[in-house]
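J.: just coords:
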Ligand SMILES: Nc1ncnc2c1ncn2[C@@H]1O[C@H](COP(=O)(O)OP(=O)(O)OP(=O)(O)O)[C@@H](O)[C@H]1O
Ligand SMILES: [Mg+2]
């Protein structure tokens, strides 16, 4: 794992080496001080008379000390400067990498993940990776070298001190290990807790209307308090473990104290000079510092690895829909679409993508008691469905809610691939095209309207970045969006709020339609594109669209059958199958589901009586 982490830091190798070098240099300079102190002390204690020579000698030593200190502060600042710049660059690097990766993942991944959870995991993962590189990359090696040098110096002067100091660390390390084991489990729990609630509160903030309508404010407030209560409890438990591991610190202090006492004893015995006494005392400090830091870094890195795993999990997520190795070019699309024995099921088994992977890693981990494990429930949407959409024609899809009409649109866009069977565009399996090439040919007005919180103009430009104002107005006119945009103070420049909240439902739909019209695609899919509009506006749009759709393949999905009547072909789907197909007249004659739906919609009295809806 560490190898993989370092792999990410490769572009920053130079900076890392420089910083390590600086840290090492500073550590080495830090060793000068004890020696100077010893020399000064010994000279002061031993010398009698000869004031002039001593004065010069001590003067030089003090100057050297001053110089060392100045260089040290300079290096210190330089190393921090490099580190801070590195951290921000590394963060940008990691976040760009992960964002690129997310952008390339197929929709099924996002269908299964709350976006808040992804953000929470990415944030933590990136932070932990930075801390690993910071600690292990930059500090580990210099500290090892300092520890070795300090150890050599100490052994040279008094080997017993060296050995005892190292031994003193053994119980300390064992106890730290115990603490790590205890806390890493708690920490994982903490991560899960945060991810889940981050995702939830993220949703809460974007669903304020729902919260207010259902008077769920108190419930959500309580939710937050419960969450923090749990988070605090976990932290407290971790802190308690840390408290218990204080035994290690005490042992370490105790042993250091014994060494002090021993050194004082041998000085008193006259075995070493007072200067050496001071040197040895400083040496204990010298060897303790890097050892202590090594221990700390080691566990920090181990701890960070747990968080970094989240980052890798996101980076390891595979796309269900992949581009071909040798993509075919799309040229002069005619727009014939064929579904050839297509079967499709929305996959749900990867639901707990993150948790599932974790379960594999740590068996016997206690399950989260509040959230029952998602049972894979694979719901088949289509079974061996075949149909042809002729080029340049308008084909409509009709069927009960949940029959799979939107799914057909999604599969045409290759948001999902069929499990069996093929989808052909002009006779070529769509899997042979690059996804972006395919999508550049198809314009989708989706059933749920997606708008960004920027201005109307920026939302339109999403379809065509270099669109002129005239083109935008033209598209808006066809979608009948011009009439409400004209009334807005700032016209096209009006900002529409998150998800377009400042517009009415029908206005949002018209804007979304205008956006696709502006794209000017060869194939156009309208999934309930005018369902929120009044009948008059809808008729107007239908009329305006006639011109646009001429010689284009179009797919229209609608419950309101007046929208689909004039289609060249109407396909009725129900219960995983294609039920009926034909023109409006043919289907009426057939007197099946379509005819029945049509009768209800056109207010046929016998039908309404059948349902007891009229007296
Ligand atoms: N992203 C998804 N993940 C899992 N199941 C899904 C997903 N989207 C739709 N489904 C399921 O697939 C089936 C078909 O859904 P689809 O949205 O295609 O229906 P529809 O015909 O467009 O319905 P409506 O008329 O209500 O828009 C439904 O039973 C639905 O529960
Ligand atoms: Mg739908």
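T.: In hand now; what should we look at? All values reported here derive from a predicted model rather than from experimental measurement. Ligands and ions are numbered 1, 2, ... in the order given.

J.: which residue does the stretch 501-615 of the chain have closest to ligand 2?
T.: Ranking the residues of the stretch 501-615 of the chain by distance to ligand 2 (Cβ to the ion) places residue 527 first, at 5.9 Å. Using the backbone N, CA and C atoms, a C-beta is placed for each residue, glycine as well.

J.: bridged to that residue, which residues?
T.: residue 557 (DSSP bridges).

J.: show me which residues of this protein are close to ligand 1?
T.: Counting by Cβ under 6 Å from any ligand atom, the chain comes close to ligand 1 at 111, 346, 379, 381, 399, 401-407, 447.

J.: pLDDT and neighbour count added to those, as CSV?
T.: Listed next are the residues of the chain next to ligand 1 as CSV, based on pLDDT from 0 to 100; neighbours: other Cβ atoms under 10 Å:
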residue, pLDDT, neighbour count
111, 82, 14
346, 86, 16
379, 79, 10
381, 87, 22
399, 88, 23
401, 88, 7
402, 87, 12
403, 88, 20
404, 88, 23
405, 90, 24
406, 92, 19
407, 92, 17
447, 86, 15
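
J.: go through the helix or strand hosting residue 238 and flag the buried ones.
T.: In the assignment (DSSP states H and E), residue 238 maps to helix 217-244. Within helix 217-244, the residues that count as buried by 16 or more other Cβ atoms under 10 Å are 220, 227, 234, 237, 238, 241.

J.: ok, now stretch 88-95?
T.: Neighbour counts over stretch 88-95 (16+ other Cβ under 10 Å) mark 90, 93, 94 as buried.

J.: any idea how far ligand 1 is from residue 17?
T.: Applying Cβ to the nearest ligand atom, to the nearest Å, the value for residue 17 to ligand 1 is 48 Å.

J.: surely residue 107 meets residue 410?
T.: Yes. Here residue 107 reaches residue 410: they are 7.4 Å apart, a contact under Cβ atoms under 8 Å.

J.: need the overlap of contacts for the two.
T.: The overlap between the contact sets of residue 107 and residue 410 (Cβ atoms under 8 Å, 6 or more residues apart in numbering) consists of residue 416.

J.: looking at the two, which is more packed in?
T.: Under the criterion of other Cβ atoms under 10 Å, the comparison of residue 107 against residue 410 puts residue 410 first, with 19 against 15.

J.: elements contacting the strand or helix carrying that one?
T.: Following DSSP H and E, one finds residue 410 within helix 405-412. Judged by 3 or more Cβ pairs under 8 Å, 6 or more residues apart in numbering; DSSP states H and E, the packing partners of helix 405-412 are strand 337-346, strand 394-398, strand 523-527, strand 553-557.

J.: among those strands, which is nearest residue 289?
T.: With distances scored as Cβ to Cβ, the stretch of the helices and strands packed on helix 405-412 nearest to residue 289 is strand 337-346 (58.0 Å).

J.: which residues make contact with that closest one from outside it?
T.: Counting by Cβ under 8 Å, 6+ apart, 108, 111, 378-389, 404, 407-408, 411-412, 416, 418-425, 427, 523, 553, 555 sit against strand 337-346.

J.: mind jotting down where the helices sit in the stretch 101-250 of the chain?
T.: Ranges of helices in the stretch 101-250 of the chain, per DSSP state H, counting those that start in this stretch, are 107-112, 115-132, 141-205, 208-213, 217-244, 246-268.

J.: thinking again about what came up before, can you redo the helices and strands packed on helix 405-412 as a markdown table with distance to residue 295?
T.: What follows is the helices and strands packed on helix 405-412, written out as a markdown table (distance: least, Cβ to Cβ, whole Å):
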| stretch | distance to residue 295 |
| --- | --- |
| strand 337-346 | 50 |
| strand 394-398 | 66 |
| strand 523-527 | 60 |
| strand 553-557 | 64 |
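
J.: returning to that earlier point: between the helix holding residue 410 and strand 523-527, how many degrees?
T.: Between helix 405-412 and strand 523-527, the angle comes out at 150 degrees (axes from the mean of the first three to the mean of the last three Cα atoms, to 10 degrees).

J.: partner strands of the next helix or strand after helix 405-412, with direction?
T.: Counting by DSSP H and E, the next helix or strand C-terminal to helix 405-412 is strand 420-425. Its sheet considered, strand 420-425 pairs with strand 337-346 (antiparallel), strand 428-429 (antiparallel) by DSSP bridges.

J.: ok, now which ones touch the nearest residue to residue 244 once chain neighbours are set aside?
T.: Residue nearest to residue 244 in three dimensions, not counting chain neighbours: residue 179, with 7.4 Å by Cβ to Cβ, 6 or more residues apart in numbering. Contacts here follow Cβ under 8 Å, 6+ apart; on that basis residue 179 touches 241, 242, 244, 245, 299.
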